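J.: only geometry, no sequence info:
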Ligand code: PMP
């Protein structure tokens, strides 16, 4: 289907964040135009979901009618919208059960505690809470998110970890530089690297995360990545956790071959099974560790952070200065207030882990019980995603299943959305990504936003859709 055959751009992450999914050929909501008419008559970027901008809405801004698109830069040309714009409408259908989300459960967002924090911060700080602040962030928040309070100087506060990815891409990558990524990989990271003109080297992974032997083979074949991107804990979309042995191997490869490890860890605090593992940043100075308040507190606060070695700090801070001067002072102080409240925080995280753990187990059990061998399941040890595979014997890809699934009233994101197009890869890959077919059989299922009954019903619909699709 066109959605999945297209090259993906920054804007495509709308699928991921808003949890939408759909397909252009099936009956359903009309493709929205993205136009927003505003009181001033000029229009402005239309907000269609969490953090999503459809783009400028004045006549001709998107298309060639005005003949002005030649004024766009390469980034401006390539970051165009796509058919994914229509997907949100699919999940808005009242009868749709969406496993396509990449968002926390609304009922677990700490509305009351954040409200108290806003009041307290404004009362205690007054105008300072609403003033410009330092580009690298508020000192108290930096100390709170650092590995130890005395290491706050190593932290730069960012506007979500998406901005950390963008800033790192800006300061590390020139057009044509190679970034190795686990395949499949978080779409927002791929978008940030693509926007910097990088070539993406996909390296297949499995339930133990990125296969570092394959990475080593690609390096031996001549691949020269400047950076390797991994989500070591409960990855998006695979749910996989990078094993301790592979972490050590990756750290050693980074030191030997001089590449930066971008360790993106939004989900680490959401572990509901198994013992914690040492972060890559504890194993090697070549790792840059990214965190965020999005999955543990609230994504709308837009507060993330990067733990950076000294040589990267100055460049990242200068790049950030040019982008947004600094992350919202009020939001930073609110996050600091909540993070400093250990009693609340521990309770809140325990609750998230308990609810997400229950939901993950319920989804896995429903796939096994109701799936009748149609699905393979790698149970995640935390996070928000379970990656199911369609049994190879079905001869069915997730893309081919999607229309029937939407008709049956269940949405998911097909694995192909997270794959790197082989045409994007550099010449030397050493066969690092030989499991593309496996990726195309995968379904990213978010268990965070449906309760156990909803998840079981969603699986029943998926089973019916599989039968119709192979029928
Ligand atoms: N990295 C990964 C792996 C993610 O899944 C997400 C959100 N979906 C982000 C980064 C961005 O998160 P935020 O900008 O909200 O911190």
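T.: On my side now, so go ahead. Just so it is clear, the model here is predicted, and its values are computed rather than measured.
J.: hey, let's count contacts and neighbours off CA atoms from now on
T.: Will do.
J.: for the stretch 351-471 of the chain, what spans make up the strands?
T.: 375-378, 385-390, 410-411, 413-414, 442-446 (DSSP state E, counting those that start in this stretch).
J.: Put together JSON lines for the ones you listed, with mean pLDDT on each row.
T.: Output for the strands of the stretch 351-471 of the chain, formatted as JSON lines (pLDDT from 0 to 100):
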{"stretch": "strand 375-378", "mean pLDDT": "94"}
{"stretch": "strand 385-390", "mean pLDDT": "96"}
{"stretch": "strand 410-411", "mean pLDDT": "94"}
{"stretch": "strand 413-414", "mean pLDDT": "91"}
{"stretch": "strand 442-446", "mean pLDDT": "95"}
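J.: Double-check that residue 294 belongs to a strand.
T.: No - Residue 294 is assigned coil when assessed by DSSP: H, G, I helix; E, B strand; the rest coil, not a strand.
J.: That one: neighbour count?
T.: 20 (other CA atoms under 10 Å).
J.: The ligand: which of the strands of the stretch 351-471 of the chain is closest?
T.: Nearest of these to the ligand, taken as CA to the nearest ligand atom: strand 385-390 at 9.5 Å.
J.: Give the other helices and strands that that closest one contacts.
T.: If you count contacts as 3 or more CA pairs under 8 Å, 6 or more residues apart in numbering; DSSP states H and E, strand 385-390 packs onto helix 342-371, strand 375-378, strand 442-446.
J.: now residue 355: how far from the ligand?
T.: 19 Å (CA to the nearest ligand atom, to the nearest Å).
J.: Name the residues of the stretch 251-400 of the chain found near the ligand, please.
T.: 264, 266, 292, 294, 299, 304 (CA under 6 Å from any ligand atom).
J.: quick one: which of the residues you listed is nearest to residue 126?
T.: residue 304 (23.6 Å; CA to CA).
J.: The closest one and residue 132: what is the separation?
T.: Noted for residue 304: a distance of 18 Å to residue 132, by CA to CA, to the nearest Å.
J.: again with residue 195
T.: Residue 195 is 28 Å from residue 132, by CA to CA.
J.: Run through the protein and note the low-pLDDT ranges.
T.: For the chain, the stretches flagged by pLDDT under 70 are 1-65, 79-89, 433-437.
J.: try 80 this time
T.: Scanning the chain for pLDDT under 80 picks out 1-66, 74-92, 421-425, 427-438.
J.: if we can go back for a sec, redo the helices and strands packed on strand 385-390 as CSV? Include mean neighbour count.
T.: Shown next, in CSV, are the helices and strands packed on strand 385-390 (neighbours: other CA atoms under 10 Å):
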stretch, mean neighbour count
helix 342-371, 18
strand 375-378, 18
strand 442-446, 29
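J.: could I get the ones you listed as TSV with distance to residue 159?
T.: Shown next, in TSV, are those (distance: least, CA to CA, whole Å):
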stretch	distance to residue 159
helix 342-371	21
strand 375-378	32
strand 442-446	24
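J.: Residue 133 reaches residue 326, doesn't it?
T.: Yes - assessed by CA atoms under 8 Å, residue 133 is found in contact with residue 326 at 6.6 Å.
J.: backbone phi and psi for the residue nearest to the spatial centre of the chain, please?
T.: Central residue of the chain (CA atoms, centre = their mean): residue 186, 4.7 Å from the mean position. Dihedral angles of residue 186 (phi, psi; degrees, to the nearest 10) stand at phi -60, psi 120.
J.: For the ligand, what's its nearest residue on the stretch 301-450 of the chain.
T.: Nearest to the ligand in the stretch 301-450 of the chain, going by CA to the nearest ligand atom, is residue 304, at a distance of 5.4 Å.
J.: how near is that residue to residue 330?
T.: 14 Å.
J.: quick one: which of the two has more around it?
T.: Under the neighbour definition other CA under 10 Å, residue 304 and residue 330 were set side by side, and residue 304 has more, 25 against 22.
J.: Let me know whether the more buried one touches residue 161 as I believe.
T.: Yes - in this structure, residue 304 is within contact of residue 161 by CA under 8 Å, at 4.9 Å.
J.: which residues do the two both contact?
T.: 290-292 (CA atoms under 8 Å, 6 or more residues apart in numbering).
J.: so what's residue 294 up against?
T.: Contact analysis of residue 294 by CA under 8 Å, 6+ apart lists 160, 266, 300-304.
J.: Just the residues you listed: which are in strands?
T.: Secondary structure from DSSP state E places residue 304 of the contacts of residue 294 in strands.
J.: What subset of the contacts of residue 294 is buried?
T.: 160, 266, 301-304 (16 or more other CA atoms under 10 Å).
J.: from those, which two are the most distant?
T.: Among those, 266 and 301 lie farthest apart (CA to CA), at 14.1 Å.
J.: circling back to that earlier point, distance to residue 113 for the contacts of residue 294 - can I get that in CSV?
T.: Listed next are the contacts of residue 294 as CSV, based on distance: CA to CA, whole Å:
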residue, distance to residue 113
160, 20
266, 21
300, 14
301, 13
302, 17
303, 16
304, 19
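J.: closest to residue 379 among the contacts of residue 294?
T.: Among the contacts of residue 294, and counting by CA to CA, the member closest to residue 379 is residue 266, at 18.4 Å.
J.: Lovely, talk soon.
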